[in-house]
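Q: Predicted model, plus sequence, below.
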Amino acid sequence: MSTDLTWIGRVFTSWWMFGGGVALALGGGWLLWRAIGRDWWIGRREASKGTPRRRCPRCWYDLAGLTALSCPECGHVAASERALRRSRRRWGAAGVAMVLGVPLVLSVFARWHQPILAFVLPERILKERREFGGGGGVGRGGSGLLRAEILTPLWVNWLERVGLRYEPTEMEDLAIVTIDSERVYEKTSRVGSLGLPMWTSGTESFIGNPIDLDADGTEELVVASWSGGAHCCWTVAIFELGASPRLIEEIDAQNGMGIVKESDVTGVPTSGGPARYLLDIPDQSFCYWNAPYVSSPKPSVYSRLDHGRLVVALDVMLARPVDWPAYEKEAGQLNASMSPEGAALEPRLWGGMLELLYRGRDDLAQQFFDLCWPNARPGQEEFLDEFHDVLDKSDRWRAYQTARGKAD
């Protein structure tokens, strides 16, 4: 059983705790000997010699040579002859001696019997595990084994076992990925699973399962973790499997992302070989900007794996067709809805602009804006300035612009 120990567990598994436990146990053993063992051993030795001693059970006065059951010292009358021959027992001191042995017992269990101690010390226990590879790491000197695990709090596991429903309220599960027993990735998650779906439909079949994203013959593993908000936040890690597993990229997916076949985006069917996949990591910089989340535009920005790196799929981005008559028709509708005094701005205004910008049609994006904005409505320049300020701060936009610069 895999465990993730709390600070208490780390204390009890330390060597200094083990050494201290040994010292306390030795002291406890000596105290137990003085409390019970010494008098018992003396009594046994005298009994074996045929000269068992008689002592008062209350004051421990020596009654040797007397035949009565009463003590001349304190007046106590023993219940029987056997009571006079019983060894003296100091139960309070014996209890203290037993307590002194507890740290050693816990330390031994923690160091060499963690599955047993898991019901006391660990914060989390294994919830899910998958292993990949193990065929020998090229250039690593290892086995090339990648292990992905999800650990969950022990008490949550108990609730699930008895059939009680639990809604997590904080980051509680832990995703861990190790390569040849070396931890290379760790992420807390509100609900951890190697098969968590994200908001894009169908993504769940790709998460936690080997998939050859770039059709190069070496599979990748996608691990997702979720912080537990209403729709945010997702972190996605992509690992290359094969003989020498490694972490390729960790993606801040914010409110989610998708994995789609390239042919589904381009409309060009795959000829012969294996399918190639695109990662749809949308630009979410405009979430909540002048609009609620549900209506905020989130334009797709497609990326692909290329020689072990995640790069913007510029050819796919620029090849997408633009139905300009449809945009002109929509611009007329938006202009009419925003013309009345006090009318709210329509998110489709900057949503359409972003779609055109991410298709490389900067000229049409400006033209679409001009058609949408009512002539009598003030604030045109202020809107554009703020729009470009938000866009320039977007990581996805900067990556896209960098790819365009290289292409040009």
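A: Perfect, thanks for sending it. Numbering: from 1, shown residues only.
Q: any idea how far the residue nearest to residue 390 when sequence neighbours are not counted lies from residue 397?
A: Nearest residue to residue 390 in three dimensions, chain neighbours excluded: residue 285, at 5.5 Å (Cβ to Cβ, 6 or more residues apart in numbering). Where C-beta positions appear, they are placed from N, C-alpha and C, glycine not excepted. Residue 285 sits at a distance of 7 Å from residue 397 (criterion: Cβ to Cβ, to the nearest Å).
Q: how far away is residue 215 from residue 275?
A: Distance from residue 215 to residue 275, by Cβ to Cβ: 7 Å.
Q: I meant to write residue 371 there.
A: 39 Å.
Q: who's in contact with residue 64?
A: 53, 54 (Cβ atoms under 8 Å, 6 or more residues apart in numbering).
Q: Residue 217 - how many residues pack around it?
A: Neighbour count for residue 217, taken as other Cβ atoms under 10 Å: 8.
Q: If you could redo that for residue 351, that was the one I meant.
A: 18.
Q: which residues sit in contact with it?
A: Counted by Cβ under 8 Å, 6+ apart, residue 351 has contacts 297, 299.
Q: SS state for it?
A: helix (DSSP: H, G, I helix; E, B strand; the rest coil).
Q: In which helix or strand does residue 264 reside?
A: helix 262-266 (DSSP states H and E).
Q: Can you list the buried residues in the longest helix anywhere in the chain?
A: Secondary structure of the chain read by DSSP state H shows that its longest helix is helix 15-32. Buried residues in helix 15-32, counted by 16 or more other Cβ atoms under 10 Å: 17, 18, 21, 24, 25, 28, 31, 32.
Q: for that helix, packing partners?
A: When contacts are defined as 3 or more Cβ pairs under 8 Å, 6 or more residues apart in numbering; DSSP states H and E, helix 15-32 packs onto helix 91-100, helix 102-112.
Q: relative to helix 91-100, how tilted is that helix?
A: 160 degrees (axes from the mean of the first three to the mean of the last three Cα atoms, to 10 degrees).
Q: just how off-centre is helix 15-32 within its chain?
A: Its chain's average C-alpha position is 37 Å from that of helix 15-32, according to Cα atoms, centre = their mean, to the nearest Å.
Q: Please apply the same query to stretch 340-357.
A: 39 Å.
Q: so residue 369 sits right up against residue 363, yeah?
A: No. Here residue 369 does not reach residue 363: they are 11.1 Å apart, not a contact under Cβ atoms under 8 Å.
Q: Work out for me the element residue 188 sits within.
A: With DSSP H and E as the test, residue 188 turns up in strand 182-189.
Q: any idea of the mean pLDDT for that strand?
A: The average pLDDT within strand 182-189 is 79.
Q: Only the buried residues of it, if you could.
A: 185, 187, 188, 189.
Q: now the strands: where do they sit in the protein?
A: All strands of the chain, identified by DSSP state E, fall at 3-5, 122-133, 145-153, 173-179, 182-189, 220-226, 234-240, 246-254, 258-261, 277-280, 302-306, 309-312.
Q: For the fifth one, name the packing helices and strands.
A: Using 3+ Cβ pairs under 8 Å, 6+ apart as the contact criterion, the neighbours of strand 182-189 among helices and strands are strand 173-179, strand 220-226, strand 234-240, strand 246-254.
Q: Apply 6 Å and report the result again.
A: On a contact count with 3 or more Cβ pairs under 6 Å, 6 or more residues apart in numbering; DSSP states H and E, strand 182-189 meets strand 173-179, strand 220-226.
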